[in-house]
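Engineer: Take a look and give me a structure for this.
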Amino acid sequence: MGKMESDVIIIAAGAAGLSAAVSAAQSGLSVIVFEKNAITGGTANKGMGPLGIESRHTRARLLQPTKDEAFKVFMDYTHWRVDAKLVRAFLNKSGDTIHWLESLGVEFVEPATYFTSSYSTWHLVKPEVGPPGPGGAATMMKILTQKAIDLRVKFYLECAVKQIVKENNAIIGVIATDKVGNKIEARSKALIVATGGFGNSPEMIKEYAGFEVDKDIYPFKIQGVTGDGIRMAWEVGAQKTEMSMELVYGMPDPLNVPPQLHEACRQPHLFVNYLGERFMNEAIMANVTFTGNALTLQKDKTGFLIFDESILKEMEQDFDTRNRVFPKTNFENSQAIIDAYLKSGKGNFYVADTLEDLAEQTGIDLENLKETIESYNVYCKNGYDEQFNKERKYLRSLTGGKWYAGRHFPSAYGSAGGIKINEKAEVIGQDWKPIKGLYAAGTDACSIYGDSYPFIFPGTSMGFAINTGSIAVESILKYLNIPQKHKEVK
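Structural biologist: Sure, this is the predicted structure:
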């Protein structure tokens, strides 16, 4: 049995874990990080950047919100069903955290929105190569990893923590195994759980969030994110929180659908369920969380975005809505892209010469679909959507020629919740008191969304991870009675 010791042990090296590792090492603490994957970065390697409120970037551009406004809007959005002190602590710290990341060498391109009515809180990381986009934040993870190494943080990759060790009502370390099965016993004065949630655990998703993976939800499957830290924290007495998925929506496997096709199928055209009925104002489709919510209430949690040949020609020139994840402006080369995708046999996109054929291919109720289109075309002609009050500029009649449909399901960037923490990132036990020496950060402890991810503040998940990682270290310094200081990287 291998044995080791440090001031702090961190389980997992994603955004929360790396933030905590650098912050702890800068404060003079010895740090061990166990990561069961072969690389660091976790889910953040697929992301774009963290939230920041009142950073120098937003202040320079006179962008809203202020800290006070953000707190009010956030709490109104969640109907005060979340820990207000934790929300306030996270939001208040987030701007300074952007500056701290910059001091480490991270560069940000701009504070961006996700969709038109969201706030410009998303601090997009400047990648090593190319424009900001999905995966751009991997550059930030690389910088944090190197800074941690420079500060003598010890990383043990491909080492999975199996148990948190508790003795005399305090956490004293962990038991882990390396890639060949050797047992490792590590002791510490404090422990931070930062394993990224349960977004790639079909069993936990079904039990705690009520979805069946690859049947009625198609989440982003990040390797290793299987709820290990949550389960281990529960085993030593941590309280559970509400647990959910960070819902979005899209065609299954969206990163392998051509971006132009994917975005063409997320424009505010006619959206129906298997019954052939509309179920939402399609103008809100840019808010991926709201659309994901609406889909969960439909038969088989499924919806079909339908357009015809005339609408396709309009999309070849311009899309109605755009977003920063898939920033496509039009459906250029549409026919070639559609033909290639149909030939690939991946499914979930349909082309038909008649409504009868489209209904047969998709399984949509034909008679209801005909009635829906007839009513919808009247709304378009009159310039007023009697059913859902969709904006007039999005009302386009469907007349055929060819019919197209993209099939959508709920998706998720990951999970939310599991371990109850307070505003100090201390894990709360069954007696509502902090468990001595135990802290949690990031998705494992992210129970601040209520029932819906707040995409009005883009970058929230990554921002929560980085900030709570740092908050956990501040709490550990107080727990160990050590003045906070920063050790410079040479």
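
Engineer: only C-alpha atoms for contact and neighbour calcs from this point on.
Structural biologist: Noted.

Engineer: Let me see the ranges of the helices in the stretch 201-350 of the chain.
Structural biologist: 202-204, 228-235, 259-264, 288-296, 309-317, 334-344 (DSSP state H, counting those that start in this stretch).

Engineer: okay, those helices in TSV with mean neighbour count, mean pLDDT and distance to Gly2 next?
Structural biologist: Formatted as TSV, the entries for these read as follows, by neighbours: other C-alpha atoms under 10 Å; pLDDT from 0 to 100; distance: least, C-alpha to C-alpha, whole Å:
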stretch	mean neighbour count	mean pLDDT	distance to Gly2
helix 202-204	17	98	31
helix 228-235	21	98	21
helix 259-264	22	94	48
helix 288-296	22	97	46
helix 309-317	16	97	61
helix 334-344	13	96	50
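
Engineer: now the strands: where do they sit in the stretch 51-200 of the chain?
Structural biologist: Applying DSSP state E, counting those that start in this stretch to the stretch 51-200 of the chain gives strands spanning 108-112, 122-125, 154-157, 160-167, 170-177, 183-193.

Engineer: Nearest to Gly237, out of those?
Structural biologist: In this view, the strands of the stretch 51-200 of the chain are compared for proximity to Gly237 by C-alpha to C-alpha, and strand 160-167 is the closest at 9.7 Å.

Engineer: Looking at the helices of the stretch 201-350 of the chain, spot the one closest to Lys393.
Structural biologist: Using C-alpha to C-alpha, the nearest of those to Lys393 is helix 309-317, at 12.9 Å.

Engineer: ok, and what's touching that closest one?
Structural biologist: 264, 330-334, 396, 398-404 (C-alpha atoms under 8 Å, 6 or more residues apart in numbering).

Engineer: likewise stretch 106-122?
Structural biologist: Contact partners of stretch 106-122, identified using C-alpha under 8 Å, 6+ apart, comprise 49-53, 57-58, 63-65, 102, 123-126, 132, 139-140, 143, 286-287, 322-325, 455-459.

Engineer: coming back round to it: can I get the strands of the stretch 51-200 of the chain in a markdown table including mean pLDDT and distance to Ala340?
Structural biologist: Formatted as a markdown table, those follow (pLDDT from 0 to 100; distance: least, C-alpha to C-alpha, whole Å):
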| stretch | mean pLDDT | distance to Ala340 |
| --- | --- | --- |
| strand 108-112 | 92 | 33 |
| strand 122-125 | 98 | 32 |
| strand 154-157 | 98 | 40 |
| strand 160-167 | 98 | 42 |
| strand 170-177 | 98 | 46 |
| strand 183-193 | 98 | 45 |
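
Engineer: Single out the most deeply packed of these.
Structural biologist: strand 122-125 (a mean of 26; mean count of other C-alpha atoms under 10 Å).

Engineer: Just the C-alpha atoms of that strand, please, in PDB.
Structural biologist: Listed in PDB are the C-alpha atoms of strand 122-125, where the atom choice follows Å, rounded to 0.1, in the frame of the first residue of the first chain:
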ATOM      1  CA  TRP A 122     -19.800  35.000 -20.600                       C
ATOM      2  CA  HIS A 123     -16.000  35.600 -20.600                       C
ATOM      3  CA  LEU A 124     -14.900  33.700 -23.600                       C
ATOM      4  CA  VAL A 125     -11.400  32.200 -23.300                       C
END
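
Engineer: can you start the count at 534 instead of 1 from here on
Structural biologist: Okay, using 534 as the starting number, the last item reads as strand 655-658.

Engineer: just how off-centre is that strand within its chain?
Structural biologist: Going by C-alpha atoms, centre = their mean, to the nearest Å, the spacing between the C-alpha centre of strand 655-658 and its chain's C-alpha centre is 14 Å.

Engineer: remind me which residues of the protein are low pLDDT?
Structural biologist: Applying pLDDT under 70 to the predicted model, the residue ranges of the chain that meet it are 534, 1018-1023.

Engineer: Please parse it into its domains.
Structural biologist: With automatic domain parsing as the criterion, the domains of the chain are listed as 535-776+950-1012, 783-944.

Engineer: highest average neighbour count across the ones you listed?
Structural biologist: domain 535-776+950-1012 (a mean of 21).

Engineer: distance between it and the chain's centre?
Structural biologist: Average the C-alpha atoms of domain 535-776+950-1012, do the same for its chain, and the two points are 12 Å apart (C-alpha atoms, centre = their mean).

Engineer: distance between the ends of it?
Structural biologist: Taking C-alpha to C-alpha, to the nearest Å as the measure, domain 535-776+950-1012 stretches 27 Å from start to finish.

Engineer: who are the neighbours in contact with the closest residue to Leu891 other than its chain neighbours?
Structural biologist: Counting by C-alpha to C-alpha, 6 or more residues apart in numbering, Ala885 is the residue found nearest to Leu891 once chain neighbours are left out, at 5.2 Å. The contact partners of Ala885, by C-alpha under 8 Å, 6+ apart, come to Leu891, Lys935, Trp936, Tyr937.

Engineer: Quickly list what the third one is bridged to.
Structural biologist: When bridges are called by DSSP bridges, Trp936 pairs up with Asp841, Ala885.

Engineer: shouldn't it be in contact with Leu891?
Structural biologist: Yes - taking contact to mean C-alpha atoms under 8 Å, the distance of 7.0 Å between Trp936 and Leu891 places them in contact.

Engineer: what's the overlap in contacts for these two?
Structural biologist: In terms of C-alpha under 8 Å, 6+ apart, Trp936 and Leu891 are both contacted by the residues Val884, Ala885.

Engineer: about what we covered before: please identify which of the helices of the stretch 734-883 of the chain is closest to Ile1004.
Structural biologist: Going by C-alpha to C-alpha, the one of the helices of the stretch 734-883 of the chain nearest Ile1004 is helix 761-768, 18.3 Å.

Engineer: which residues touch the closest one?
Structural biologist: 544, 695-697, 726-728, 730-731, 773, 951-952, 977.

Engineer: Measure how it sits relative to strand 693-700, angle-wise.
Structural biologist: Note on geometry: by axes from the mean of the first three to the mean of the last three C-alpha atoms, to 10 degrees, helix 761-768 and strand 693-700 are set 20 degrees apart in direction.

Engineer: orientation of helix 761-768 relative to strand 716-726 in degrees?
Structural biologist: Per the same axes, to 10 degrees, the angle that helix 761-768 makes with strand 716-726 is 90 degrees.

Engineer: Alpha carbons only: can I get helix 761-768 in CSV?
Structural biologist: As requested, the backbone C-alpha atoms of helix 761-768 are provided in CSV (Å, rounded to 0.1, in the frame of the first residue of the first chain):
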residue,chain,number,x,y,z
ASP,A,761,-18.2,9.2,-7.7
GLY,A,762,-17.6,12.1,-5.5
ILE,A,763,-21.2,12.6,-4.7
ARG,A,764,-21.6,9.0,-3.6
MET,A,765,-18.5,9.1,-1.5
ALA,A,766,-19.6,12.3,0.2
TRP,A,767,-23.0,10.8,1.0
GLU,A,768,-21.2,7.8,2.6
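
Engineer: the inter-axis angle of it versus strand 703-710?
Structural biologist: Using the same axes, to 10 degrees, the direction of helix 761-768 lies 140 degrees away from that of strand 703-710.

Engineer: Give the full set of residues in contact with Pro787.
Structural biologist: Shown here is Pro787, whose contacts under the criterion C-alpha under 8 Å, 6+ apart are His795.
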